[in-house]
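Peer 1: using only what follows, build the 3D model:
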Amino acid sequence: MTASGLVRAGPISLAGVLLVWTAIALPAFWRSADAERIAAQIVGGRSFQLDAVRQALVEEGGQTSAGRCQPAARRAAAILRLYLFEDAASAPRRDEADRSLAELRTGLRSALRCIPTDAYLWLVLFSMESRSGIRPEHLDYLGMSYANAPNEGWIALKRNPVALGSFTMLNDDLARLAVNEFAQIVQNGLYDDAAAIYAAVGPEARIAVLVRLIEVPLSHRERLSRALDAVLPGVPIPGVDRSDDQPWKR
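Peer 2: Residues are numbered from 1 along each chain as shown. Alright, predicted model coming up:
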């Protein structure tokens, strides 16, 4: 072949390689993107048909089985496994739940080796590992969640009920973080969320957050008090005048 022929063949060959690569890579990309989309919407609270989640997980498996660190794919796979486990556990379907839990634990650890800064996955790992009782090493997982996302609102709303729900088992540092996080939720104006969290936790956590609320501006405490009345009437929020609730004192 002449030199000019080689020059002409170069771009043609390159175009052929690109076409082959596109045919191979794009389907995998779109499958992965679909799994990641479903995972993101699950975290946001949306429900999906189990078959759609299972299919997305099967397709995502091709992205994570090769051992390469692909953060988005591994994170999505872990969240899809969490969804399947929670459904099986709530049914309850004991054998399926046990199998799903084992797969979830493996998936979480695999994802966190790839993305050790993912605060949400650390929170999920803490929740899963402490299901049968909290051991000291489990607290490290919750600590990693706080360390990597101390002030992210959406994570705080998922983490605070878990942390305060485990309040009596937390060390002093984690207890302080959990109580401060509750106060921040109130100061961010998320009164209904804060009220729901307060109503669901034990007396020790309630006392701790009420003491911490003394430092929160009064206007926020008053709004929290009104939100609490809808789910747990009569809670004495520090500094909030409840005389209107006692007409005989007017």
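Peer 1: give me the element residue 80 is part of.
Peer 2: In this assignment (DSSP states H and E), residue 80 forms part of helix 71-90.
Peer 1: so for the helix or strand in which residue 121 is found, mean pLDDT?
Peer 2: Assigned by DSSP H and E, residue 121 belongs to helix 119-129. The pLDDT scores in helix 119-129 average 96.
Peer 1: same for it, what does it pack against?
Peer 2: In this structure, helix 119-129 makes packing contacts with helix 71-90, helix 94-114, helix 136-148, helix 153-165, judged by 3 or more CB pairs under 8 Å, 6 or more residues apart in numbering; DSSP states H and E. C-betas here are computed from N, CA, C, even on glycine.
Peer 1: mind putting those into JSON lines with distance to residue 204?
Peer 2: Below are the helices and strands packed on helix 119-129 laid out as JSON lines (distance: least, CB to CB, whole Å):
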{"stretch": "helix 71-90", "distance to residue 204": "27"}
{"stretch": "helix 94-114", "distance to residue 204": "28"}
{"stretch": "helix 136-148", "distance to residue 204": "16"}
{"stretch": "helix 153-165", "distance to residue 204": "9"}
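Peer 1: I'd like these as a markdown table, with distance to residue 120, mean pLDDT and mean neighbour count appended.
Peer 2: Listed next are the helices and strands packed on helix 119-129 as a markdown table, based on distance: least, CB to CB, whole Å; pLDDT from 0 to 100; neighbours: other CB atoms under 10 Å:
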| stretch | distance to residue 120 | mean pLDDT | mean neighbour count |
| --- | --- | --- | --- |
| helix 71-90 | 8 | 91 | 22 |
| helix 94-114 | 10 | 91 | 17 |
| helix 136-148 | 7 | 96 | 18 |
| helix 153-165 | 6 | 96 | 19 |
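Peer 1: right, and those helices - which one's nearest residue 197?
Peer 2: Among these, the nearest to residue 197 by CB to CB is helix 153-165 (5.0 Å).
Peer 1: buried residues, the helix or strand that comes right after that closest one. List them.
Peer 2: Sequence order places helix 172-187 as the next helix or strand after helix 153-165, per DSSP H and E. Across helix 172-187, burial judged by 16 or more other CB atoms under 10 Å covers 174-175, 177-187.
Peer 1: centroid residue for the chain?
Peer 2: In the chain, the centroid-proximal residue (CA atoms, centre = their mean) is residue 120; its distance is 4.0 Å.
Peer 1: tell me who's in contact with the residue nearest to it when sequence neighbours are not counted.
Peer 2: Distances taken as CB to CB, 6 or more residues apart in numbering place residue 155 nearest to residue 120, at 5.8 Å, with adjacent residues excluded. Neighbouring residues of residue 155 by CB atoms under 8 Å, 6 or more residues apart in numbering: 119, 120, 123, 145, 149.
Peer 1: any idea how far residue 155 is from residue 79?
Peer 2: 13 Å (CB to CB, to the nearest Å).
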